[in-house]
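1. sequence first, predicted coordinates after that:
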Amino acid sequence: MMLQRRLLGLVRLAPLAAGTAVLASLAAIGCAVGQAVAVADVLRRLLTDGGVEDIHAPVLWAVAAGLARAALLWLRDIAFAYTAARVKTRMRDQLYGKVVALGPGWTAQRRAGDVQTTLADGVESLQAYVGYYLPQAAVALVAPAALVGVMIWIDPVVGLTVAVAAAVVPIARPLWRRLLGDRGTAFWRAYAAFGARVLEALQGMSTLKLHNAADRYEQTVRAEAEQVRHAAVGNLKASMGVYTLVTVAFGVGTALAVAVAALRFSYGALELAALLIVLVLAAECFRPLLELQNYWHQGFHGIAAASGMFAILDAEPRVRDGHRTLPVTQAPEVVFDQVSYAYPGAAEPAVREVSVTVAAGSTVGLVGRSGSGKTTLTSLLQRFDDPTSGAIRVDGVDLRELTLASARGLVSVVSQDVYLFHGSIADNLRLARPAASDDELVSAARDAHAHEFITELPAGYQTTVGERGARLSGGQRQRVAIARALLADAPILILDEATASVDAAAEALIQQALDRLRVGRTTIVIAHRLSTVAGADQLVVLQRGRVVEQGPPAELLARPGAFAELAAAQHGELTHSGEVAR
Ligand SMILES: Nc1ncnc2c1ncn2[C@@H]1O[C@H](COP(=O)(O)OP(=O)(O)OP(=O)(O)O)[C@@H](O)[C@H]1O
């Protein structure tokens, strides 16, 4: 019920169009009644006086009513479509805004395909329900009652016969809601899961091919497609059952009304003109109810999908906007003060009581085995979520006090997993600073050692890079990301194993670009290969979420402990790199 009320609330997003649809529908029914009265009048005049010249006026009325009805139904259909389009657009805006507000902490807990299906197909499926069904429900509430009232006034027996047949709708409604509601939800779940599966198959196509797993995965996709088919057929059966029940009730109702009216006409209890009017009214009375049935049939997927949409709209963002902004002109000091954090639903915290001070303008390297909490700490610095306890302070200000825009404006990230959007290189660079001039783009790209390869591309800065930057090499993508970070000009920099996926020559270029990027910023480097953090001012060694050692790299290497063990495990990589050993 709650869901129905909220869906009804959606119509308020397009009040004018929905109102026009309802009024046009009611007026069209009025025209049908007017037409019936005019036709009855024609017949009455022909049968009683027999003068053809007498019937001009009612014939004209009947034609005018017919034309007006056609025009009104056309207007109603346009208003229906407009209501649906407006509701869908507003719903998509709201959902997209909410997903963005919920942020990466929320999306990480969900399948992207699920969210995508809800935003695209789910919203689309609102068309029939919100755009057509709900306005029609208002018509179906008013028109049959009014028409039955008129019929009772003309002939109570016929009127009451129609009223009894029409009463099948309120009786069948709870039945069809129960029957179709659960099946609709089951169908929608299966459909969204299938959508998510297909998206994952597309995104992971090369991995599937590499492992010769495409055929096996195809079987999973096929099994899920079968579930969608099964759910859709279950739906259709229930839906058709209810639909048939109601249609039969209306057919029987109309036939009964005709029979009763004819009988009463034969007794002389009803005049011929009244008989004609009553017959037309009986058909008109059922028409909005039948149309309502049709729209329900088309629209109940929208109800099923709506629960997913409202679940997104009702989700609470994990991070709240603070009230302060922090205009930082120089590299700030970053302090992790007794920071602990557990992912939602996780049994164990991912980081525990981490206290680290990153001095203004310095570089701190985070090292530790896989899963030790390095990425989690940098995610907290980007405010993807807030610490479960403790605080992160930038120049003494708790990040929670800052507006999200201000907090995120403090940090740029260059990671091995660079995300480039389908669009030109220039578009991707301007993501960091929309107002950047062409000269500024070139200057940032030069500093990132990206300008040379960009100018060699077919359309230079206007070259389309493909989805996720697929048309660029790993090293090229990273240099675009570095140029983007230079343009963003944030005072805190997170480097996440930024040179992991490139060859030695590209690594040298990227390293130079990163060194330039680090100047004047406070930097946190996540490294799996210890050589990448050998030049850091401080290293923080994490083990199962705890800091077990911290200090300058050379000092840590010189004494027995977690870092020395890590270094030894990496075959003396540090010593070979020469930097720390010296
Ligand atoms: N979204 C998540 N939900 C639940 N647990 C998570 C999530 N992300 C990470 N974890 C867990 O938190 C712990 C720390 O993970 P984190 O990614 O911070 O480690 P890491 O040191 O960066 O690892 P790696 O070097 O492999 O990237 C791990 O035990 C991991 O399983």
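-> Yep, it's here.

2. can we go C-alpha only for contacts and neighbour counts from here?
-> Will do.

3. for Asp496, give me the backbone phi and psi.
-> phi -110, psi 90 (degrees, to the nearest 10).

4. partner residues bridging it?
-> Ser415, Ile526 (DSSP bridges).

5. in the chain, where is pLDDT below threshold?
-> Within the chain, the set of residues satisfying pLDDT under 70 comprises 1-3, 49-51, 173, 176-177, 179-181, 467-470, 498-506, 571-582.

6. which positions in it make contact with the ligand?
-> The chain has residues 108, 343, 346, 350, 369-376 near the ligand, with proximity defined as C-alpha under 6 Å from any ligand atom.

7. quick one: those residues as a markdown table, columns for neighbour count and secondary structure too.
-> Formatted as a markdown table, these follow (neighbours: other C-alpha atoms under 10 Å; DSSP: H, G, I helix; E, B strand; the rest coil):
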| residue | neighbour count | secondary structure |
| --- | --- | --- |
| Ala108 | 9 | coil |
| Tyr343 | 16 | coil |
| Ala346 | 8 | coil |
| Ala350 | 20 | coil |
| Arg369 | 14 | coil |
| Ser370 | 12 | coil |
| Gly371 | 14 | coil |
| Ser372 | 20 | coil |
| Gly373 | 24 | coil |
| Lys374 | 27 | helix |
| Thr375 | 16 | helix |
| Thr376 | 20 | helix |
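
8. farthest-apart pair in those, please.
-> Ala108 and Arg369 (21.8 Å; C-alpha to C-alpha).

9. so how far is Ala342 from the closest residue to the ligand within the stretch 1-150 of the chain?
-> The minimum distance from the stretch 1-150 of the chain to the ligand, using C-alpha to the nearest ligand atom, falls at Ala108 (5.6 Å). Using C-alpha to C-alpha, to the nearest Å, one gets 14 Å for the distance from Ala108 to Ala342.

10. cool, and Thr117?
-> Distance from Thr117 to Ala342, by C-alpha to C-alpha: 29 Å.

11. and the strands in this protein?
-> 334-341, 351-358, 363-368, 389-394, 397-398, 411-415, 492-496, 522-526, 538-543, 546-551 (DSSP state E).

12. distance to Arg178 and mean neighbour count for those - can I get that in CSV?
-> Shown next, in CSV, are these (distance: least, C-alpha to C-alpha, whole Å; neighbours: other C-alpha atoms under 10 Å):
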stretch, distance to Arg178, mean neighbour count
strand 334-341, 43, 21
strand 351-358, 47, 20
strand 363-368, 55, 26
strand 389-394, 46, 20
strand 397-398, 51, 18
strand 411-415, 50, 22
strand 492-496, 52, 25
strand 522-526, 54, 26
strand 538-543, 53, 24
strand 546-551, 53, 18
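
13. what's near enough to touch the residue nearest the centre of the chain?
-> Ranked by distance to the mean C-alpha position of the chain (C-alpha atoms, centre = their mean), the top residue is Leu119 at 3.1 Å. Going by C-alpha atoms under 8 Å, 6 or more residues apart in numbering, Leu119 touches 92, 95-96, 309.

14. what about 10 Å?
-> 88, 91-96, 99, 113, 305, 308-309, 312 (C-alpha atoms under 10 Å, 6 or more residues apart in numbering).

15. whichever of those residues end up buried, select them in ChimeraX.
-> What follows is the ChimeraX syntax for the buried subset of these, where burial is set by 16 or more other C-alpha atoms under 10 Å:
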select :88,91,92,94,95,96,99,113,305,308,309,312
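
16. of the contacts of Leu119, which belong to helices?
-> Residues of those located in helices (DSSP state H): 88, 91-96, 99, 113, 305, 308-309, 312.

17. for Ala315, what are phi and psi?
-> Dihedral angles for Ala315 - degrees, to the nearest 10 - are phi -60, psi 140.

18. what sits closest to it if chain neighbours are left out?
-> Nearest residue to Ala315 in three dimensions, chain neighbours excluded: Leu102, at 7.7 Å (C-alpha to C-alpha, 6 or more residues apart in numbering).

19. that neighbour contacts Pro317, correct?
-> Yes: look at Leu102 against Pro317 with C-alpha atoms under 10 Å: they come within range, at 4.7 Å.

20. so those two - more neighbours on which side?
-> Leu102 (21 against 16; other C-alpha atoms under 10 Å).

21. list the residues that contact the residue of the stretch 201-350 of the chain found nearest the ligand.
-> Shortest the stretch 201-350 of the chain-to-the ligand distance, computed as C-alpha to the nearest ligand atom: residue-wise this is Ala350, at 4.3 Å. By C-alpha under 10 Å, 6+ apart, the residues touching Ala350 are 340-343, 371-377, 544-546.

22. Asp321 too?
-> Taking C-alpha under 10 Å, 6+ apart as the test, what Asp321 contacts is 101, 399-407.

23. now do 8 Å
-> 400-404.

24. swap in Glu226?
-> Applying C-alpha under 8 Å, 6+ apart, no residues contact Glu226.

25. Arg518: how many residues sit nearby?
-> Quick note: Arg518 (other C-alpha under 10 Å) scores 22 neighbours.

26. thought it was touching Pro491?
-> No: look at Arg518 against Pro491 with C-alpha atoms under 8 Å: they stay out of range, at 9.3 Å.

27. in a markdown table: the contacts of Ala350, plus distance to Ala448.
-> Converted to a markdown table, those look like this (distance: C-alpha to C-alpha, whole Å):
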| residue | distance to Ala448 |
| --- | --- |
| Ser340 | 35 |
| Tyr341 | 34 |
| Ala342 | 36 |
| Tyr343 | 35 |
| Gly371 | 30 |
| Ser372 | 31 |
| Gly373 | 29 |
| Lys374 | 25 |
| Thr375 | 24 |
| Thr376 | 27 |
| Leu377 | 26 |
| Arg544 | 35 |
| Gly545 | 33 |
| Arg546 | 35 |
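
28. out of those residues, who's nearest Leu72?
-> Tyr343 (57.0 Å).

29. what's around Ser473, how many residues?
-> Using other C-alpha under 10 Å: Ser473 sits among 12 other residues.

30. and the one 3 residues further on, by the same measure?
-> As a burial measure, Gln476 scores 20 neighbours (other C-alpha under 10 Å).

31. wait, Ile303 sits on Gln127?
-> No: the criterion here is C-alpha under 8 Å, and Ile303 misses it with Gln127 at 10.6 Å.

32. show me what contacts Gly234?
-> By C-alpha under 8 Å, 6+ apart, the neighbours of Gly234 are Arg183.

33. actually Gly390, not the one I wrote
-> Residues near Gly390 by C-alpha under 8 Å, 6+ apart: 336-340, 353.
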